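**Q** Below is the sequence, then the predicted model.
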Amino acid sequence: MVIDALDGGGRGHVGAALSIIEIVRVLYDDVLKVRPGEPRWPDRDRFILSKGHGCLGLYAMLADKGFFPRAEIAQQCRPGALLGGHPEIRTPGVEASTGALGHGLGIGVGMALAARMQKRNSRVFVLTGDGELNEGSVWESALIASKHALSNLCLIVDYNKMQSYGRVADILPLEPLGAKFEAFGFGVSEVDGHDVAALRQVFAAPGTPNRPRAVICHTVKGRGIPICEHNASWHHKAKLAPDQVAELRQALAAA
């Protein structure tokens, strides 16, 4: 469905969407407590795609689960479409309008605090990009999450080692990333973000009492399509020609 969205809209963030597919698959299949027919159910878990440019992966999952008709996928980015180039809260299943990077964790902290104050068992999951961790607001929010011992909050990092301008290690290195989150008071796990069984195991494991969680998912930008993998030029494409879309479909089929 990610390729269908690219075909219909002629544009999209290809690499970012493909690096999170298995993560969102496991979350919506095995972890999140949600009701597609009642997307604003008060006791639901919340999932925030803070790296909003990866939204094609989220849209594919929301359509698959029945939050909106699959036909909407091919309309993304067209005038009047339900689905835009970044998530908007008007879309069923989308919890926050994101795309300006660095805000998702702060929103998630507020939702986790609200759930505690209202005595709900709702959990909050926030998926950030690794390049997004360049934003100081992420670390400010992490400090607040730790200060309030938000054990109902889980931060997921899509650690694909690439951002829009190149390799994370060249632009602003993050290592030792796990140790950084531990120093900020998080319980930390690291996992292959494309290994479905391993993801299920990590999310099923109990978190550390009185601590927020950080799950660092080691992924590949553009995973599944060789011409896109580890390729910053496929971070975003606009005005995709039919032959380019056909090439993507062929590459995916052959992978």
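**A** All right, it came through fine.
**Q** helices or strands up against the helix or strand bottoming out on mean pLDDT in the chain?
**A** The least trusted helix or strand in the chain, going by mean pLDDT, DSSP states H and E, turns out to be strand 237-238, with a mean of 73. On a contact count with 3 or more Cβ pairs under 8 Å, 6 or more residues apart in numbering; DSSP states H and E, strand 237-238 meets strand 11-12. To be clear about C-beta, it is placed using only N, CA and C from the backbone, and glycine gets the same treatment.
**Q** ok, and what's touching the strand it packs on?
**A** 2, 5-6, 56, 76-77, 85, 236-240 (Cβ atoms under 8 Å, 6 or more residues apart in numbering).
**Q** now, which of those residues sits nearest Gly185?
**A** Checking the contacts of strand 11-12 against Gly185 by Cβ to Cβ gives Leu56 as the nearest, at 33.3 Å.
**Q** And the closest one, how close does it get to Arg25?
**A** Distance, Leu56 to Arg25, using Cβ to Cβ, to the nearest Å: 14 Å.
**Q** which of these two has more neighbours?
**A** For Leu56 versus Arg25, the count of surrounding residues by other Cβ atoms under 10 Å is larger for Leu56: 28 against 16.
**Q** And for the closest residue to the more buried one other than its chain neighbours, the neighbour number?
**A** Closest residue to Leu56 apart from its sequence neighbours, by Cβ to Cβ, 6 or more residues apart in numbering: Ala17 at 3.8 Å. The tally of other residues near Ala17 (other Cβ under 10 Å) stands at 28.
**Q** can you give me the helices for the stretch 101-250 of the chain?
**A** 104-117, 136-147, 168-171, 177-183, 196-204, 242-254 (DSSP state H, counting those that start in this stretch).
**Q** most tightly surrounded among those?
**A** helix 104-117 (a mean of 20; mean count of other Cβ atoms under 10 Å).
**Q** how close does the residue nearest to Ser122 when sequence neighbours are not counted get to Glu38?
**A** In this structure, Ser122 finds its nearest non-sequential neighbour in Ala115, 4.3 Å apart by Cβ to Cβ, 6+ apart. Computed as Cβ to Cβ, the Ala115 to Glu38 distance reads 17 Å.
**Q** do the same with Leu58
**A** Leu58 is 19 Å from Glu38, by Cβ to Cβ.
**Q** These two: which has the busier surroundings?
**A** Leu58 (27 against 10).
**Q** where does that one land in three-state SS?
**A** helix (DSSP: H, G, I helix; E, B strand; the rest coil).
**Q** Can you tell me the closest non-neighbouring residue to it?
**A** Closest to Leu58 by Cβ to Cβ, 6+ apart is Leu49, at 5.0 Å.
**Q** I figured that neighbour was touching Ile89, is that so?
**A** No. Leu49 lies out of contact with Ile89 (Cβ atoms under 8 Å); the separation is 11.6 Å.
**Q** Show me which of those two is the more surrounded one.
**A** Each of Leu49 and Ile89 has its neighbours counted (other Cβ under 10 Å); Leu49 has more, 29 against 11.
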